[in-house]
Structures are given as structure tokens and as C-alpha cells.
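Compute the structure for the input listed below.
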Amino acid sequence: MGYPGDDGRLPVIYVRGFAGSGSAINSAVDDPFYGFSQGSVHVRADSNGRAKFHQFESPMLRLVTDHKYEVPVHGDQLAFLNSVEAGTVNSASVWIHRFYDGSADSFSDEPESFSFENAARSLFNLIKLVLEKTGAPKVFLVAHSMGGLICRSLLQRVIPEAVADVGGEIDPAAGNRYVARVFTYATPHGGIRFAIGFGIFERIRDATGIQGADIFGPDRMYDYLTPAALRRARTRDDFKPTELPDDGFPVDELFCLVGSNPEDYDVAFGLSSKAVGARSDGLVQIDNAAVRGAPLAVVHRSHSGRYGIVNSEEGYQNLQRFLFGDLKIQVELVGFTVGRAAPPEVEFQLDVGLAIRGLPVLVHEQSAAHFCPVQIEHWKEGDPIDSPVPLLTTFLSSKAPRPRVGGKEVPRLRHALKLRLMSITEKEGRFFFDDHMEQTEDWQDTLLVDIEAPSAGRPLPKAWAAWNSTIPTALRDWNPGHDDQLKDTDSTPERWQGRIDVPEFAKALLGVNAGIRLTVTPRKLIL
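Have a look, this model is predicted:
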């Protein structure tokens with residue numbers, strides 16, 4: 001069928017996570033799709049914490065139904081690709097990188113030991129084969145956990161070394177010739193650390209390489225993420241695993257989905273989640289689950305299991321928006337001067353949640369209850385704190401079908417940004433509760449935003465916004481008027497920027513110039 005043009009549907013290659021060894025590998029290879037086809041029936045949508053039934057088919061099936069992808073199997077995806085002529089396979093297709101098969105004793109009496117480096121090199125071979133047979137210019141990579149590190153090794157070392165010129169000159173950005181975008185679920189981009197043991201467990205793991213888990217330690221990460229030819233300039237001492245090289249794969253094309261629910265990760269009878277601590281998804285700590293500067297979202301999901309991050313509605317909604325969205329939306333706090341009248345030991349934290357009309361889940365959620373609120377800098381005399389504070393980045397598709405309300409398709413995309421500011425006194429590393437009111441916020445409100453996507457002859461969007469505290473009706477009945485429309489305050493071509501002040505009554509606490517700034521930029525695939 002060949003590449004269908006510029007509709008944005010590139011081949012998707014899925015790369016699964018760590019399986020350990022032995023029976024765990026056998027279990028992994030028994031799934032034809034390595035977990036990408038796993039669905040769920042639970043959703044955390046009840047305000048009382050009770051699980052509600054919600055049938056989520058699986059990310060793979062939703063790509064098929066929502067975006068008309070195909071999943072060619074024919075008994076063996078790799079054998080099928082090798083058997084067909086170049087340019088004859090639909091590029092809107094899903095492929096599974098089955099790198100664990102050779103290590104399963106269910107396929108061989110003498111299974112080979114798993115090699116992380118071989119998994120990264122064979123991923124490059126699969127990409128080249130998929131591109132040849134589909135005629136697509138690039139692929140999308142979607143990865144869970146360790147699979148994201150395999151993708152980074154591919155982009156940061158394997159491809160640059162494989163396509164180096166005859167003189168050995170390395171192009172750190174060579175991976176972008178083959179890969180358009182990368183989406184990672186719960187990947188330990190900064191490795192895996194433990195909240196107990198004072199580092200002894202990490203040292204034992206990295207020294208012994210038990211079950212190959214040393215790949216999550218900094219020394220091995222430096223090795224498989226850094227081309228040998230560049231190690232004189234990029235030394236181990238300078239290496240930061242959560243950073244992409246400035247001259248490498250573009251960080252804007254890598255999305256990190258971060259989980260914040262350790263309680264429901266029951267691997268090793270829950271010992272894993274206890275070892276890595278509360279501020280994690282049960283295996284990967286929140287601080288290690290994202291690349292610096294990359295777009296990200298935090299969702300209350302565990303690393304895997306019944307409430308796993310891959311088999312979740314939250315995960316899929318972020319996935320499809322990042323892969324296919326043609327609008328990038330950045331949300332920032334501006335002009336906040338919180339704490340002017342408070343003593344310096346008072347700390348301020350902001351809960352942030354993003355809801356989208358028509359979805360039963362939040363697509364982004366940071367909260368103190370989940371140990372990941374946004375920390376708000378305390379105002380200090382002489383420091384106006386007027387630099388923007390990034391809250392979140394999300395993506396929209398102007399071509400996606402609109403929700404239907406009352407039988408009619410709505411013309412605009414509606415979002416609700418939920419904000420909740422709390423404060424607590426902290427002295428010498430301890431919290432003090434003498435004047436504290438638990439779970440009682442200093443300020444809370446919801447910003448309702450309607451966005452009308454660009455159209456022919458109008459390259460930039462329109463937007464309307466209002467605070468819930470100023471809307472006299474139910475939110476579903478809000479019909480924005482002329483006074484709610486935000487003005488474009490940025491004259492930069494192909495960028496729309498508008499802001500809305502916080503309600504007047506909140507300015508004494510938040511700042512006289514406090515507000516929310518929205519920036520919308522068109523987004524195109526670089527092919």
C-alpha cells in the first residue's frame with residue numbers, strides 16, 4: 001500500500017520492559033504482543049477512592065479502532081516482513097520488537113543470555129525493515145519501562161555508530177533520520193534507586209549484574225547511551241542519565257508518561273514498592289521517570305498490574321495526543337507572588353489536574369496526596385518571582401473527531417485545569433501542625449478553557465477561558481461569550497499566546513499580577 005501521504009500515521013513499533021530471567025521471560029514471550037494488547041476494566045474515577053468499572057480495550061486495539069491501524073501478524077511478523085516486497089505494507093501498522101524470544105527456553109533447549117545491546121541493535125534492524133517494506137520515511141517508537149532505555153540506546157549510541165562516516169565521524173542526531181517520535185511509559189530514564197539501604201542495594205546490583213539489572217545503574221547507562229568515539233569529550237563524570245545531548249535526538253519529540261501510584265504495584269509481594277518508596281510508581285521513582293526538558297504527564301497509575309500505566313485510559317489518551325497532535329499547548333503560572341505575608345518557613349504546594357471533555361480520567365495529575373505537587377516558590381523581599389512556572393504541556397489534534405453533546409458535535413475542545421494551593425510550616429526538615437488545617441486549601445479554583453482549532457485561512461487557534469468561581473451555571477452549561485475570549489498577546493508568527501488573571505478576590509494571596517498563560521503552537525512531523 002505504501003506510505004499514505006501526510007496523514008501522520010507512521011508505523012508504530014512497541015518495545016516492552018524488563019522481564020528478568022527464566023520463567024518471567026517465558027511468560028513475556030507467551031504474549032503475542034508483549035503486553036501492548038493488554039486491556040483493563042478498572043479506572044480510578046470515584047471521589048471516594050473506590051474503583052469503578054471502565055472497559056479499556058488496550059492501546060493496540062484503540063490504535064486500530066481510533067486511527068485505523070493494522071496489525072499484520074501472519075504467524076510471525078518478522079517472517080512476514082521478510083517475505084513481502086518493498087513498499088507493499090500499510091505504513092499505518094503496529095509492530096512488536098520481540099527481543100526476548102531468543103532467551104526463552106520454551107523456544108529453545110539452549111536459550112541465549114539476554115543482551116541489552118543486542119536488543120537495541122536488533123531494534124535498528126527491525127526499523128530499517130519496516131521502513132523498507134512500508135515505504136514510510138520514519139517510525140514512531142512506543143516503549144514501556146526498560147524498553148524506553150533500549151530506544152534511547154538506539155538513538156544515542158547504536159544509530160550514530162552504525163551510520164558514522166568512513167572517518168568515524170559521529171552524528172549524535174542520526175537517530176532522527178529513522179525515528180520521528182518516542183513515547184515512554186514509566187521508563188527509568190534516571191535509573192532505578194532505592195529509598196532504603198543508603199545505596200548498598202544499588203552497589204550490589206551494579207557489581208553483580210544480578211539478572212541483568214545493572215542496566216538500571218549509572219555506569220552501564222553511561223556505556224550504552226554514549227558512543228565510544230565521543231567518550232573523551234563526554235566523560236562519565238559529566239554524564240547525567242536524565243539528559244539528552246543537546247546535539248542529539250530532539251527532546252521535544254520524546255514524551256515521558258510518569259506514574260505516581262506505588263500501592264498497586266504488587267510485584268515481589270509489594271516489596272519493590274516499599275524499596276523504592278512512596279514517590280514512585282512502585283518501581284521507578286517520579287524524579288527518574290522523565291528526561292529533562294521533554295514534555296511529560298503524571299498519572300496516578302502503577303508500573304504494571306491491574307492499575308498499570310500501559311493498560312490505562314490515561315496512558316492511551318496521552319499517547320495518541322503526542323503521536324498525532326498538531327497543536328502543542330503549554331500552561332504556565334505567571335506573576336505569582338505567594339507568601340508575601342507569610343513567615344519564611346511556610347511552604348506552598350499546588351495540586352494540578354487536567355481534565356478533557358469526554359474522558360473519564362485526568363490526563364495529568366500532580367498532587368500532595370500522591371507525593372508530587374508543584375512546589376511554589378515563596379515570595380521574598382526584593383525577589384518578585386515574576387518568571388513563569390511551567391505547569392504542564394499537552395497536545396491536541398485539530399483533525400480528531402469532536403465529542404457529541406446532546407447529539408451534536410461540539411465545535412471546540414474543552415479543558416478544565418484544576419488548581420489547589422495549600423501551605424504548611426516546615427522547620428529544620430520537620431512539618432509543624434499547630435495552625436494547620438489538614439486537606440484544607442488556601443485557594444482552589446478550576447479554569448475552564450475552550451479552544452477552537454485553526455482552520456483554512458486561519459493558522460492559529462482561538463481560545464476562551466473563565467474561572468469556575470465566576471461561572472453561575474453548571475460547568476457543562478457554560479457558553480463562553482465575547483468577554484471570555486482571550487486575546488493573542490504574542491506577535492510571533494505561528495504562535496498564539498493568551499493569559500487570564502486569577503479572580504480578583506484571590507489576588508491578595510496569589511499576587512496582583514497573578515494569572516495563567518497559555519501558549520499554542522502548530523506542530524508538524526519532521527520527515
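
pLDDT weak spots in this structure?
Along the chain, segments meeting pLDDT under 70 span 1-6, 45-49, 268-270, 380-387, 426-439.

Would you state the helices of it in chain order?
Remark: helices assigned in the chain by DSSP state H are 23-29, 59-67, 77-83, 116-134, 146-153, 159-162, 200-208, 218-225, 271-276, 313-324, 507-510.

What is the neighbour count of Phe216?
Look at Phe216: counted by other CB atoms under 10 Å, it has 24 neighbours. Placement of C-beta: from N, CA and C, glycine included.

can you check His67 too?
Neighbours of His67 using other CB under 10 Å come to 16.

quick one: contacts for it?
Applying CB atoms under 8 Å, 6 or more residues apart in numbering, we find His67 in contact with 9, 92, 320, 324.

Can I get the longest strand anywhere in the chain in PDB? Just the C-alpha atoms.
Determined from DSSP state E, the single longest strand within the chain is strand 413-427. The C-alpha trace of strand 413-427 is given here as PDB (Å, rounded to 0.1, in the frame of the first residue of the first chain):
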ATOM      1  CA  LEU A 413     -12.100  21.400  22.600                       C
ATOM      2  CA  ARG A 414     -12.900  22.000  26.300                       C
ATOM      3  CA  HIS A 415     -10.400  21.500  29.100                       C
ATOM      4  CA  ALA A 416     -10.600  22.000  32.800                       C
ATOM      5  CA  LEU A 417      -7.400  23.000  34.700                       C
ATOM      6  CA  LYS A 418      -7.900  22.200  38.400                       C
ATOM      7  CA  LEU A 419      -5.700  24.100  40.800                       C
ATOM      8  CA  ARG A 420      -5.500  23.800  44.600                       C
ATOM      9  CA  LEU A 421      -3.000  25.800  46.700                       C
ATOM     10  CA  MET A 422      -2.000  24.600  50.200                       C
ATOM     11  CA  SER A 423       0.600  25.700  52.700                       C
ATOM     12  CA  ILE A 424       2.300  24.100  55.600                       C
ATOM     13  CA  THR A 425       5.000  25.100  58.100                       C
ATOM     14  CA  GLU A 426       8.400  23.400  57.800                       C
ATOM     15  CA  LYS A 427      11.300  23.900  60.200                       C
END
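
what comes up buried for that strand?
413-425 (16 or more other CB atoms under 10 Å).

Okay, now the sheet partners of it, with direction.
strand 346-356 (antiparallel), strand 430-432 (antiparallel), strand 443-452 (antiparallel) (DSSP bridges).

quick revisit: of all the contacts of His67, which two lie farthest apart?
Ala92 and Gln320 (13.1 Å; CB to CB).

between these two, which one's more packed in?
Ala92 (22 against 19).

residues contacting the more buried one?
Neighbour list for Ala92: 4, 7, 9-11, 67-70 [criterion: CB under 8 Å, 6+ apart].

Output those residues in a markdown table; the columns should cover distance to Thr473.
Below are those laid out as a markdown table (distance: CB to CB, whole Å):
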| residue | distance to Thr473 |
| --- | --- |
| Pro4 | 44 |
| Asp7 | 39 |
| Arg9 | 40 |
| Leu10 | 43 |
| Pro11 | 46 |
| His67 | 35 |
| Lys68 | 38 |
| Tyr69 | 40 |
| Glu70 | 45 |
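
Now restrict the residues you listed to buried residues only.
By 16+ other CB under 10 Å, the contacts of Ala92 give 4, 9-11, 67, 69 as buried.

now, which of these sits nearest Leu129?
Distances from Leu129 to the buried ones among the contacts of Ala92, taken by CB to CB, are shortest for Pro11, at 10.3 Å.

Kindly provide the distance from the closest one to Ala136.
Pro11 sits 5 Å away from Ala136, going by CB to CB, to the nearest Å.

between these two, what contacts are shared?
91, 130.
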